[in-house]
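**Q** Sequence and computational prediction follow.
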There are 2 protein chains.
Amino acid sequence: MGNRIHNAAYQSKVMSAEDAAALINDGDRLGVSGFTGSGYPKAVPIALAARAKAEHEAGRSFRVGLNTGASTAPELDGELALADAVDFRTPYQSDPETRKRINAGSINYADIHLSHIAPQVRNGFHGKMDVAIIELTAIKADGSLVPSSSIGNNQAWLDAADRVIFEVNSWQSEDLEGMHDVFGGLRKAPLDFAIPVFHASDRIGSKYLTVDPAKVIAVVENDTPDRNSPFKPLDDVSKSIASHLLDFLDLEEKAGRLPDPMPAMQSGVGNIANAVLAGLLHGQFENLTSYTEVIQDGMVDLIDSGKLSVASATAFSLSPEYAKKMNDNAKFYRDKIILRNQEISNNPEVIRRLGMIAMNGMIEADIYGNVNSTHIMGSRMQNGIGGSGDFARNAALTVFVTPSTAKDGAISAIVPMVSHVDHTEHDTDLIISEYGVADLRGKSPRQRVPAIIKIAHPDFRPMLEEYFAVAQKVANGQHTPHDLSQALSWHQRMLATGTMKV
Amino acid sequence: MGNRIHNAAYQSKVMSAEDAAALINDGDRLGVSGFTGSGYPKAVPIALAARAKAEHEAGRSFRVGLNTGASTAPELDGELALADAVDFRTPYQSDPETRKRINAGSINYADIHLSHIAPQVRNGFHGKMDVAIIELTAIKADGSLVPSSSIGNNQAWLDAADRVIFEVNSWQSEDLEGMHDVFGGLRKAPLDFAIPVFHASDRIGSKYLTVDPAKVIAVVENDTPDRNSPFKPLDDVSKSIASHLLDFLDLEEKAGRLPDPMPAMQSGVGNIANAVLAGLLHGQFENLTSYTEVIQDGMVDLIDSGKLSVASATAFSLSPEYAKKMNDNAKFYRDKIILRNQEISNNPEVIRRLGMIAMNGMIEADIYGNVNSTHIMGSRMQNGIGGSGDFARNAALTVFVTPSTAKDGAISAIVPMVSHVDHTEHDTDLIISEYGVADLRGKSPRQRVPAIIKIAHPDFRPMLEEYFAVAQKVANGQHTPHDLSQALSWHQRMLATGTMKV
Ligand SMILES: CC(C)(COP(=O)(O)OP(=O)(O)OC[C@H]1O[C@@H](n2cnc3c(N)ncnc32)[C@H](O)[C@@H]1OP(=O)(O)O)[C@@H](O)C(=O)NCCC(=O)NCCS
Ligand SMILES: CC(C)(COP(=O)(O)OP(=O)(O)OC[C@H]1O[C@@H](n2cnc3c(N)ncnc32)[C@H](O)[C@@H]1OP(=O)(O)O)[C@@H](O)C(=O)NCCC(=O)NCCS
């Protein structure tokens, strides 16, 4: 491991991951770094999981509560879940082992807007934070803390925690120094200042995290890479959804409804987002800016092409290939990429001010435009709402994208009534599938129905029409006609028979 | 009628309500003043309703689209609905005749967050705005436009409309001049400035509305009072809900979680809100501020007592008695009350900055904390979401209040699954009934269940416990266990038998 700890006081606190893990107690609430698989601690959690297992084998209880930025990786969420070491988790996850235990009822998961969790902790809504475990790229001679590949809630956890453990990861490029913009002014509201971001490119904070050195109880060295997911080649459905969105934006521009240059864009992760970014690479729009949660491969390409002048986010979410490229060229990218506190990247004030276009994935939508982003068949947690609510509620144009079906066509993404609501009918402007764009703007629920049915898979359209026809006959009101006896029957049928089809 | 039109150019445009109504065409989209029964035009809409009736009798079509601030009054929403003259309505209403037609399917109603509608119109999402009809208190010699008892979207409609009709109402006190704070800087986003409200008391705009005089096609004189609802004496249920909230705030203060002075409060209208305001009048908190939608009787009392230093809102919602008091003493109150654009009174940026406490009514909540504010049994529109989402999403502490039952105990306000979602589980901190406070902060859905069942009416608690027990057995996941076959069965039973009880 390279020597990245240039400060003597911190150097004197270096210890093994096992020794650091021994400083964590049963019942502690941990505030951990990490956002979409980047910048999470990679050694202490594994040691902590081993410790929990040993304690359990000795017949003693050992479980912690876990606050992160967002999703992490197998070394953190996965190991701790496998060790049955987590009793509470917030605000977002996407880990298979954690998901399994959330859905078995053994991990309590509070699914919270990513811009809300830090203020809630600051307001005391989550009790005391015991230990923060934060990954760094380096500690400089003067004690400055160079962040790594995500900021997330790191500054908030450093402020809130009683004790602090750092992991200094020499896999992260030292040239990341200067890419970060850590805003230190986030106190408990009321605040007497505005969040001073007026353009995606505005830098408002420091390059470094700050901490009261007296709280730091351990520093652990490490050189493990971020666990980034490989890039999947774009499939036809994603490409077609992307082209519907880009065609729509072209038309909006022609109609004079799109400001020039195009307002900052947010895009959720995944295949469809990457297809949209690829589409922008070859499209007509110039001078693009991105004010989003995570930096994806497609944004790096857009920066390289000169079409995207700045990408603001709170974390990387790159394929291994692009993570290497980033590490090798961080000196170049650090002028074009800004990593901020997630309270700033997802800040309602800034999102509304910028008049943004927000694009997120979903699990299902109903014929009235309510959107479910989190639950499978009403009860089962998939990932969580993440930052989608921060953007969807406050953007000028709110878009949800989805393939029209899931599970090889057995499930329709358009249903009579969603089995859980994360984004209300009041928050959805467009829903896009491979069959086109449902433009819901300025429409009443009844007026939305034909627009939404048109983008459902053809196999399900007649069933949706039939539902709406019956609902109008039996409902106690024609504003949002529902047949309550059938509203969730598609989900029931799926659970009973393995398909929503009759 | 007193002469309130001191400007010659506007004086020359004075005409009868009938002549003004004749300038409105079939199919026009109207942008009308009015918010919770105050400051709406009172003559032209009646004349327009008469005109529509005459046209219909002559076999011609005549219907308009209607954008307001929020709810209005019988002279506006009621008359136009009775004349079958409305085909589209947004963003909020509470009128019985309008409601009837929304639920009959003859008025298309887009139920939109009150802070969102003006930006949507500015972005072109609602097409062209043809005519604005705006009530004023006076027009000064220099052409300055003195607003009346609400601001709402008035400036936005004056900016957007092709043609403008003013109603100058001499019932409104001339001493209202100076109470208003009209922010004129609201352009289409991206904006390069912050909304400069840092304290409820900050004035950031002008005392007057502005308009391009060339657009003004008519000025109508009028002296009809606002149609304010009489104050209902406080009932025991409201008083007990209020005292639960105030006790909770006392405890929060003792626990060190409440800033001193208490952050600005928002309160929905109605009996419970008035009971909370009455409770504050006799409670321990001093130096209160209010950053809310409407000025209610209780706030006037709090101002008189010296406990409330400033009340910021967009409109009055006063009893006739208090409306008279306001008119008689506007010179006194105009230093303590600020009426703003509803985009500012309900602004997410400001609400989050102030770290507010938001308290709103609801129709029902489910055992996991999802809240329905708008729909009766899933299909039938009651009023609309209004500004509740603006506040609930962005406040530091989000409270929903409700009696535990409706319709003489036949309906439980706590149900297995809500029949519509306006505020998601991600947005609710407290739910309060006369049985106490369900504190949902930092809890997973499963952890919320016992807290919520405890505040349900005792008649329904065993049924809710039974539902949760069965749901855990049959659900495909234990995060939010639901029995989809029974989730909406309480609503179905209510529709079928007139009670949710078995
Ligand atoms: C909604 C969300 C899960 C979709 O994810 P995605 O990767 O785009 O879509 P996928 O099609 O791969 O779906 C993921 C899984 O959900 C399943 N799924 C998707 N739609 C479904 C539906 N309607 N019913 C049941 N399962 C469904 C898929 O089959 C897949 O399951 P698998 O992993 O067992 O194969 C994802 O966007 C998400 O977590 N969103 C919430 C957070 C968010 O929006 N963050 C954005 C940043 S702000
Ligand atoms: C939810 C809301 C309707 C409650 O209103 P309220 O005046 O406090 O409560 P009430 O108990 O008088 O209820 C109003 C009606 O809804 C009915 N109702 C209330 N709860 C019900 C339930 N669970 N099921 C069926 N009907 C219900 C009442 O019976 C009453 O009906 P009625 O007029 O036919 O007698 C009202 O708060 C609202 O419109 N909220 C949304 C907008 C908002 O929050 N604005 C706040 C300003 S930001």
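**A** In hand now; what should we look at? Ligands and ions are numbered 1, 2, ... in the order given.

**Q** Residue A:62 against residue A:26, yeah?
**A** Yes - look at residue A:62 against residue A:26 with Cβ atoms under 8 Å: they come within range, at 4.6 Å. Using the backbone N, CA and C atoms, a C-beta is placed for each residue, glycine as well.

**Q** which neighbours do these two share?
**A** residue A:55 (Cβ atoms under 8 Å, 6 or more residues apart in numbering or on different chains).

**Q** More neighbours: those two, which one.
**A** residue A:62 (22 against 13; other Cβ atoms under 10 Å in any protein chain shown).

**Q** Pull the contacting residues for that one.
**A** A:26, A:51, A:52, A:55, A:56, A:85.

**Q** With respect to residue A:390, which of those residues is nearest?
**A** Among the contacts of residue A:62, residue A:85 lies closest to residue A:390 (Cβ to Cβ), at 29.6 Å.

**Q** distance of that closest one from residue A:54?
**A** Residue A:85 sits 11 Å away from residue A:54, going by Cβ to Cβ, to the nearest Å.

**Q** The two: which has the busier surroundings?
**A** The residue with more neighbours, out of residue A:85 and residue A:54, is residue A:85; 24 against 12, by other Cβ under 10 Å.

**Q** so the residue lying closest to that one once chain neighbours are set aside is in which element?
**A** Spatial nearest neighbour of residue A:85, excluding adjacent residues (Cβ to Cβ, 6 or more residues apart in numbering or on different chains): residue A:52 at 3.5 Å. Following DSSP states H and E, the helix or strand that holds residue A:52 is helix A:44-57.

**Q** for the closest residue to residue A:227 other than its chain neighbours, phi and psi?
**A** Excluding the flanking residues, the one nearest residue A:227 by Cβ to Cβ, 6+ apart is residue A:73, at 3.9 Å. As for residue A:73, its main-chain torsions (degrees, to the nearest 10) stand at phi -160, psi 170.

**Q** So what's the predicted local confidence for residue A:73?
**A** Listed pLDDT for residue A:73 reads 96.

**Q** Was I right to think the residue nearest to residue A:85 contacts residue A:84?
**A** Yes - Residue A:52 is in contact with residue A:84 according to Cβ under 8 Å; the separation is 7.1 Å.

**Q** Spit out the residues that contact those two alike.
**A** residue A:63.

**Q** Share the number of residues neighbouring the residue lying closest to residue A:112 once chain neighbours are set aside, please.
**A** Ranked by Cβ to Cβ, 6+ apart and with sequence neighbours excluded, the top spatial neighbour of residue A:112 is residue A:91, at 3.9 Å. A total of 28 residues lie near residue A:91 under the criterion other Cβ under 10 Å.

**Q** now residue A:451
**A** 19.

**Q** Nearest residue to it in space, please, no chain neighbours.
**A** Counting by Cβ to Cβ, 6+ apart, the residue nearest residue A:451 is residue A:438, at 4.3 Å.

**Q** which secondary structure element contains that neighbour?
**A** strand A:436-439.

**Q** ok, residues contacting that strand?
**A** Contacts of strand A:436-439 (Cβ under 8 Å, 6+ apart): A:244-245, A:248, A:369, A:429-432, A:448, A:451-452, A:454-455.

**Q** Closest one of those residues to residue B:424?
**A** Distances from residue B:424 to the contacts of strand A:436-439, taken by Cβ to Cβ, are shortest for residue A:369, at 14.4 Å.

**Q** who's in contact with that closest one?
**A** Contacts of residue A:369 by Cβ under 8 Å, 6+ apart are A:425, A:428, A:431, A:438, A:440, A:445, A:448, A:452.

**Q** and if you look at residue A:83?
**A** Counted by Cβ under 8 Å, 6+ apart, residue A:83 has contacts A:49, A:50, A:52, A:53, A:56.

**Q** What residues does the first one make contact with?
**A** So the one you mean is residue A:49. Per Cβ under 8 Å, 6+ apart, neighbours of residue A:49: A:79, A:80, A:82, A:83, A:85.

**Q** thinking again about what came up before, which residues sit in contact with the residue nearest to residue A:112?
**A** Applying Cβ under 8 Å, 6+ apart, we find residue A:91 in contact with A:67, A:68, A:70, A:110, A:111, A:112, A:113, A:114, A:116, A:117, A:384.

**Q** Looking at these, which are in helices?
**A** Among the contacts of residue A:91, DSSP state H puts residue A:117 in helices.

**Q** Once you drop chain neighbours, what's closest to the closest residue to chain B within the stretch 151-300 of chain A?
**A** Residue nearest to chain B within the stretch 151-300 of chain A: residue A:189 (2.7 Å; Cβ to the nearest Cβ). Closest residue in space to residue A:189, ignoring its immediate chain neighbours: residue B:355 at 2.7 Å, by Cβ to Cβ, 6+ apart.

**Q** re earlier: parallel or antiparallel, which strands does the strand holding residue A:438 pair with?
**A** Partners of strand A:436-439 in the sheet, by DSSP bridges, are strand A:430-433 (antiparallel).

**Q** Need the residues that contact the partner strand.
**A** Residues contacting strand A:430-433 (Cβ under 8 Å, 6+ apart): A:241, A:244-245, A:248, A:362, A:365, A:369, A:371, A:397-404, A:413-414, A:437-441, A:452, A:455-457.

**Q** Among these, which lie within helices?
**A** Using DSSP H, the contacts of strand A:430-433 in helices are A:241, A:244, A:245, A:248, A:452.
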